[in-house]
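Engineer: Structure of the sequence below:
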Amino acid sequence: MNPKLIAIDLDRTLLHTDKTISAYSANILNKCRENRYKIVFATARPKRAVVDYMESIPVDAVILHNGAVVYIGDELVASYGIEPTLKDEILKSIYKDYPKITLSVEIDDVLYANFDVSTVWNNTEAIQSDFTYLPNRPADKIIIGLTPTEGIEIFSRYLTDDLYIEMVDGKLGLIMNRKATKWEAIKTVAQHFSISTNEIIAFGDDFNDIFMLKGCGFGIAVTNAIDEVKAVADFICDSNDNDGVAKWLDEHLL
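Structural biologist: Predicted coordinates:
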């Protein structure tokens with residue numbers, strides 16, 4: 001194994017349950033950068049929810065919204081959204097058919113929602129909306145709050161062929177462009193740095209990490225990952241709350 005790039009999911013992988021990065025983890029990742037390993041955050045989060053972590057760990061690239069948005073340094077290098085007219089149609093249709101469902105949409109790093117988002121995400125702000133008047137811009141993702149009786153499959157009928165829906169955190173359904181995946185974004189970043197995907201180590205825990213772990217040279221799941229991720233991983237490290245990512249890097253790369 002001769003890795004050159006380390007791709008890391010954030011929530012439930014690098015971040016502790018309280019959404020912090022320990023001083024130990026930050027120190028190890030910064031040592032990796034000093035040793036010329038490229039560091040990439042690969043997350044479903046929007047940019048505004050990642051910038052604080054990038055202050056303590058100045059990553060080489062960041063993959064946002066599961067791959068809908070990709071930055072290398074400060075340069076936007078890829079963007080795969082849901083076209084404005086289509087995103088409006090989907091939101092209005094779901095809201096009409098399921099008026100009590102929690103629904104939100106990310107547009108240009110702004111969240112629009114039909115509910116109080118603080119009940120789901122701490123320290124998050126949103127513009128209250130019934131989705132009648134939204135910016136005429138593509139959506140990075142549409143987020144559906146699922147109840148125990150509503151699986152993501154019932155929302156497939158709202159999708160066109162160039163969209164997909166995926167569950168995250170066991171409670172949210174994300175509608176996204178088919179090109180917006182962590183794995184596709186990883187390939188974009190690797191090509192930019194002239195790195196083979198076989199030279200990448202990837203860490204993750206959830207459904208949206210599966211293809212990234214399978215496709216990269218070495219895929220590592222934290223012990224708190226879902227079974228489907230553990231099944232495709234080459235190695236299972238300690239949990240997110242026990243700094244599993246940093247411990248593995250410290251032991252195997254430093």
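
Engineer: for the top helix by length along the chain, packing partners?
Structural biologist: What stands out as the longest helix in the chain, according to DSSP state H, is helix 84-97. Judged by 3 or more C-beta pairs under 8 Å, 6 or more residues apart in numbering; DSSP states H and E, the packing partners of helix 84-97 are strand 103-107, strand 141-145. Any C-beta I mention is one placed from the backbone N, CA and C, and that applies to glycine too.

Engineer: Pull out the buried residues from that helix.
Structural biologist: 86-88, 90-91, 94-95 (16 or more other C-beta atoms under 10 Å).

Engineer: ok, which pair from the residues you listed is furthest apart?
Structural biologist: Leu86 and Tyr95 (14.8 Å; C-beta to C-beta).

Engineer: pLDDT score for Glu150?
Structural biologist: On pLDDT, Glu150 comes in at 73.

Engineer: tell me the contacts of it?
Structural biologist: Contact analysis of Glu150 by C-beta atoms under 8 Å, 6 or more residues apart in numbering lists 98, 101.

Engineer: Counting neighbours, what do you get for Ala23?
Structural biologist: Per other C-beta atoms under 10 Å, the neighbour tally for Ala23 reads 10.

Engineer: ah, wrong one, I meant Tyr37
Structural biologist: Neighbours of Tyr37 (other C-beta under 10 Å): 18.

Engineer: Ile220 versus that one, what's the distance?
Structural biologist: 14 Å (C-beta to C-beta, to the nearest Å).

Engineer: With Asn2 instead?
Structural biologist: Asn2 is 16 Å from Ile220, by C-beta to C-beta.

Engineer: rewinding a little: between the buried residues of helix 84-97, which is closest to Leu10?
Structural biologist: Looking across the buried residues of helix 84-97 and measuring by C-beta to C-beta, the closest to Leu10 is Lys87, at 24.9 Å.

Engineer: Test my guess that the closest one contacts Ile142.
Structural biologist: Yes. Using C-beta atoms under 8 Å, Lys87 is in contact with Ile142, at 6.6 Å.

Engineer: who touches both of those two?
Structural biologist: Contacts common to Lys87 and Ile142, judged by C-beta under 8 Å, 6+ apart, are Val105.

Engineer: Domain-wise, how is the protein divided?
Structural biologist: 5-79+180-252, 84-177 (automatic domain parsing).

Engineer: so who does the closest residue to Asp238 other than its chain neighbours touch?
Structural biologist: Once flanking residues are discounted, Asp238 sits nearest to Gly244: 3.4 Å by C-beta to C-beta, 6 or more residues apart in numbering. Each residue near Gly244 by C-beta under 8 Å, 6+ apart is listed here: 222-223, 237-238.

Engineer: nearest to Ser104, of these?
Structural biologist: Val222 (27.0 Å).

Engineer: Would you mind measuring from that closest one to Pro58?
Structural biologist: 23 Å.

Engineer: And for Lys247?
Structural biologist: Taken as C-beta to C-beta, the span from Lys247 to Pro58 is 22 Å.

Engineer: How about Ile21?
Structural biologist: With C-beta to C-beta as the criterion, Ile21 and Pro58 are 13 Å apart.
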